[in-house]
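Novice: pasted the sequence and its predicted model underneath.
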Amino acid sequence: MPQTGSSNLNESIERFSDILSESEHQKILQLQDQPSPIGIRLNPLKLSPQQAIQELANRYGWQTQPLSFCQNGWLIRNYEGSPGTTIEHRMGQYYLQDPASMVPVSLFDIDHPNPLILDMAASPGGKTTHLIDRTFDQGFVLANDASRGRINALRSVLSNWGGVNQAILNYPGENFGSWFPETFNFVLLDAPCSMENLRPTPDQPMRETTSDERLRLQERQIQLLKSGLGALKIGGELVYATCSLAPEEDEAVIDAVLNLFPDAIQIERISNKIDFDAKGLTQFQGQSFHPTLTQTLRLWPHITGFSGFFCALLKKTQPIHITQAEPPQRDFTKTHLETIQCDIKKRLSQAFFDQFGLDLEQILENLDVLIYQRYEQFFLIPKPYLEQFSKLPYEYIGMPLGTWQNDTFAPSHLFVSRFGHQFTQGMIVLDDQHTKLWITGRDIRQPKTDLGPPRTISVGQGFGWTQSWAGEIASQTTSKFTTTLLNLNIRETVD
């Protein structure tokens, strides 16, 4: 670790001298000489995680260990090649994530069949994809981020993951409580923080943080938490999380909101959801916190081996007073998205069945989505958005379905990547030799196929969209797909 980073780490650890023993202090320092653990969360929308992790481990020489607190999460202990460079990763079949970052979404008790979910500070999107997984894409997720510069990263991650019941927003999170009081079944607030996690990495070195900075962050975190609780339904759950172990940003924030709304929220016990003995603090540097703060989760690096993290699961028991305000509005017709006629829907359904053996009607019913059209393109749009938020401007929504090419329907790469494993025909399967050529951007000469253009391509367990003609398959690797998809994204088009 660079000398500056090491000095900052020692200063941070020294702040906890009344809490951590000298032995614990040394354990945290010793961790810095060890590689950070790699967590992997498999995508249940595209594959069977239990089967896929074995196949991936065999294919790439991984040694894996399941994470007890995350259903589809594993640690990769050893690997021969970087897990971030595989075709499966590029196709959104798994997400690489610090294991501690898998904890917050794992804490929710999601038993509602079609919940409304708000992710208040969503980018880059890892926890948002986890929220989508927890409902198997049958809940509707509003993924918001206040930073315009972080929206493209969020859109890229969510598009690649393959969720349909989602919309991306770009608003200050502090407004949702007044805009949408008592609306959401679940709210995730992964709050902006100092990142004082006591486990720096080369990509995120330890930086100096001051008391003033932590207190400024605390004030914003309190306002965000008040907003999230205002937007939460009575009986709903909110997870507050930070990748900081600074008590000013953790226990002090929860304590402040408990004092504001003492009868309206309660901290839920989560010790039964996690294997680590990592209770929250009830005092720090002369400040005392509510005794129920011991039911929060303080993930110290020397206890878990992961990055430092803080989590609290809150339940709303009574209304809280927040002054209501009108959210931003626009006429939905300004998006130029239009409902399709029944005969067009039947034609699309027949095309999917004839070309791919896929029951499109069943997908629409299972996911509770509708087909809309904008000019020559077709899209899947979530019903919950249309029913409850149709006037709210968005950055991205749903999923591109595809376009007609003469008498053949060409589904979007996103649709094929998500639902291709359900296709029973119309597929070209590449062997290992051709796969290596295809994923490096080279066209495939003389493929063994009698399928006409265009068709689905299957690479290992991944599916994509390709063009085939005159004995050649045009390469459209994920990087090329991404360029195309940026033009296909279902963004607002307001005149």
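Specialist: Thanks, I have the structure now.
Novice: would you map the helices across the stretch 51-200 of the chain?
Specialist: Assigned by DSSP state H, counting those that start in this stretch, the stretch 51-200 of the chain shows helices spanning 87-90, 103-106, 126-134, 151-161, 176-179.
Novice: to residue 267, which of the ones you listed lies closest?
Specialist: For the helices of the stretch 51-200 of the chain, proximity to residue 267 was assessed by Cβ to Cβ; helix 103-106 is nearest, at 14.5 Å. For glycine as for every other residue, the C-beta is placed from the backbone atoms N, C-alpha and C.
Novice: run through who's touching the closest one.
Specialist: Contact with helix 103-106 is made by 69-71, 127, 130-131, 134, 188, 190, 239, 241, 273-274, 297, 299, 309, 311, as judged by Cβ atoms under 8 Å, 6 or more residues apart in numbering.
Novice: my read: residue 322 touches residue 230, true?
Specialist: Yes: using Cβ atoms under 8 Å, residue 322 is in contact with residue 230, at 3.9 Å.
Novice: the contacts of helix 103-106, buried ones only, as a PyMOL selection?
Specialist: A single PyMOL command suffices to select whichever of these are buried according to 16 or more other Cβ atoms under 10 Å:
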select buried, resi 69+70+71+127+130+131+134+188+190+239+241+273+274+297+299+309+311
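Novice: quick one: the longest strand along the chain to helix 126-134, angle?
Specialist: Among the segments of the chain that qualify as a strand by DSSP state E, the longest is strand 232-242. Interaxial angle, strand 232-242 versus helix 126-134 (axes from the mean of the first three to the mean of the last three Cα atoms, to 10 degrees): 130 degrees.
Novice: who does strand 232-242 pair up with?
Specialist: strand 184-190 (parallel), strand 309-316 (antiparallel) (DSSP bridges).
Novice: which other residues reach the first one?
Specialist: For strand 184-190, contacts defined as Cβ under 8 Å, 6+ apart pick out 104-105, 108, 110, 112, 115-122, 127, 131, 139, 142, 173, 224-225, 228-229, 231-233, 236-242.
Novice: apply 7 Å and report the result again.
Specialist: 104-105, 108, 110, 112, 115-121, 127, 131, 224-225, 228, 231-233, 236-241 (Cβ atoms under 7 Å, 6 or more residues apart in numbering).
Novice: give me the neighbour count for the nearest residue to residue 158 once chain neighbours are set aside.
Specialist: Leaving aside its chain neighbours, residue 158 sits nearest to residue 125 (5.4 Å; criterion: Cβ to Cβ, 6 or more residues apart in numbering). Using other Cβ atoms under 10 Å, residue 125 has 27 neighbouring residues.
Novice: got phi/psi on residue 125?
Specialist: phi 120, psi 0 (degrees, to the nearest 10).
Novice: who touches it in this structure?
Specialist: Applying Cβ under 7 Å, 6+ apart, we find residue 125 in contact with 143, 154, 157, 158.
Novice: most neighbours out of those residues, which is it?
Specialist: In terms of neighbours by other Cβ under 10 Å, those top out with residue 143 at 31 neighbours.
Novice: could you measure from the closest residue to residue 169 other than its chain neighbours over to residue 134?
Specialist: Leaving aside its chain neighbours, residue 169 sits nearest to residue 144 (4.2 Å; criterion: Cβ to Cβ, 6+ apart). According to Cβ to Cβ, to the nearest Å, residue 144 and residue 134 sit 18 Å apart.
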